[in-house]
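> next comes the sequence, and after it the predicted model I'd like to discuss.
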Amino acid sequence: MAGPSVLDAGAWAQAWPAASGEAAEVRSFYRSHGKRWFDIFGAVLLLAVCWPVLVAIWLAIRLVDGGPALYRQCRIGRHGQGFEIMKFRTMRAGADRAGTVTIAGDARVTPLGAWLRRYRFDELPQLWNVLRGDMSFVGPRPDVPGYADLLAGSDRAILALRPGVTGPASLQFADESRLLAAAVDPVAFNDQVLWPAKVRINLDYAQSLTFRGDLGWLWRTVLSVAGAAPSAGQALAAPPTSWTRP
């Protein structure tokens, strides 16, 4: 079965001449120090600015749904170490016991949760994860335990990065829930098609990340949330016919 067509996740970095000499030193500095400094500065600034929004969403979830406002889940981060990711709860309490794959129209998602997901407000608590050093603003999305164990050889270079709130694979498959909803077996389609595609994209990002590249991914995320740019996932507009429902 042919794999899906994916965008070149390193395109932003490759748009500029290959790093050499002083440029290579700047790139190396960003990888080793600058990226973390940028994350700390950005997280502090956004937490200071967005705290009223965070409080308002917390209260809305408590009042509308009556359950806990925050959702915590173990994810795999840098160097394969587990950490507790934080999100605003968008599903009924305990819904993750029915599985971690979410499809479009999933009945477990609450009406308020669907709105939060649409504008990615459910991700705002991850500013705390970024400040703590669990995550970065840009990088591979953190997987639940089990997937990192499947990485082999050079693919394990992905684990040298902090997982991101957004990133090339997130933008490529921003409409992932719709793709999963169209598949006969969403879990198998995720494991055998989407996840390998994300690994390739994330590996390209790991090999070519730059400060300007990260700014580009952040800007594309803003445009995507605002609806001002089409999802990069249109490169895979629908699952291959062998995966779709009749």
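Alright, I've got the coordinates.
> wait, Thr110 touches Ala95, no?
No. With contact defined as CB atoms under 8 Å, Thr110 and Ala95 do not form a contacting pair (9.2 Å). Using the backbone N, CA and C atoms, a C-beta is placed for each residue, glycine as well.
> tell me what the longest helix belonging to the chain is packed against?
Counting residues, the longest helix in the chain under DSSP state H turns out to be helix 35-64. Helices and strands in packing contact with helix 35-64 are listed as strand 82-88, helix 111-118, helix 126-132, strand 136-138, helix 211-226; criterion 3 or more CB pairs under 8 Å, 6 or more residues apart in numbering; DSSP states H and E.
> pick the most deeply packed of the ones you listed.
Burial of these is given as mean neighbour count (mean count of other CB atoms under 10 Å); strand 136-138 ranks first at a mean of 25.
> give the pairing partners of that one; include direction for each.
Using DSSP bridges, the neighbouring strands of strand 136-138 in the sheet come out as strand 164-166 (parallel).
> and the helix or strand just after the strand it pairs with, what does it pack against?
Helices and strands here follow DSSP states H and E; after strand 164-166, the next one along the chain is helix 168-172. For helix 168-172, the packing partners by 3+ CB pairs under 8 Å, 6+ apart come out as helix 195-208, helix 211-226.
> just the CA coordinates for the longest one, please, in PDB.
The reference is to helix 211-226. Taking Å, rounded to 0.1, in the frame of the first residue of the first chain, the C-alpha atoms of helix 211-226 are listed here in PDB:
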ATOM      1  CA  PHE A 211      14.800  29.900  14.700                       C
ATOM      2  CA  ARG A 212      13.300  31.300  11.500                       C
ATOM      3  CA  GLY A 213      11.800  28.000  10.800                       C
ATOM      4  CA  ASP A 214      10.100  27.800  14.200                       C
ATOM      5  CA  LEU A 215       8.700  31.400  13.700                       C
ATOM      6  CA  GLY A 216       7.300  30.200  10.400                       C
ATOM      7  CA  TRP A 217       5.600  27.200  12.000                       C
ATOM      8  CA  LEU A 218       4.100  29.400  14.700                       C
ATOM      9  CA  TRP A 219       2.800  31.900  12.200                       C
ATOM     10  CA  ARG A 220       1.200  29.100  10.100                       C
ATOM     11  CA  THR A 221      -0.400  27.800  13.300                       C
ATOM     12  CA  VAL A 222      -1.900  31.300  14.000                       C
ATOM     13  CA  LEU A 223      -3.200  31.400  10.400                       C
ATOM     14  CA  SER A 224      -4.600  27.800  10.600                       C
ATOM     15  CA  VAL A 225      -6.500  28.500  13.900                       C
ATOM     16  CA  ALA A 226      -7.800  31.800  12.400                       C
END
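> how deep is Leu150 tucked in, by neighbour count?
When neighbours are counted by other CB atoms under 10 Å, Leu150 registers 12.
> what does Pro68 give?
Applying other CB under 10 Å, we find 13 other residues in the vicinity of Pro68.
> who are the neighbours in contact with the nearest residue to it once chain neighbours are set aside?
For Pro68, ignoring the flanking residues on the chain, the nearest one in space by CB to CB, 6 or more residues apart in numbering is Arg89 at 6.1 Å. The neighbourhood of Arg89, defined by CB atoms under 8 Å, 6 or more residues apart in numbering, consists of 61, 65, 67-71, 113, 122.
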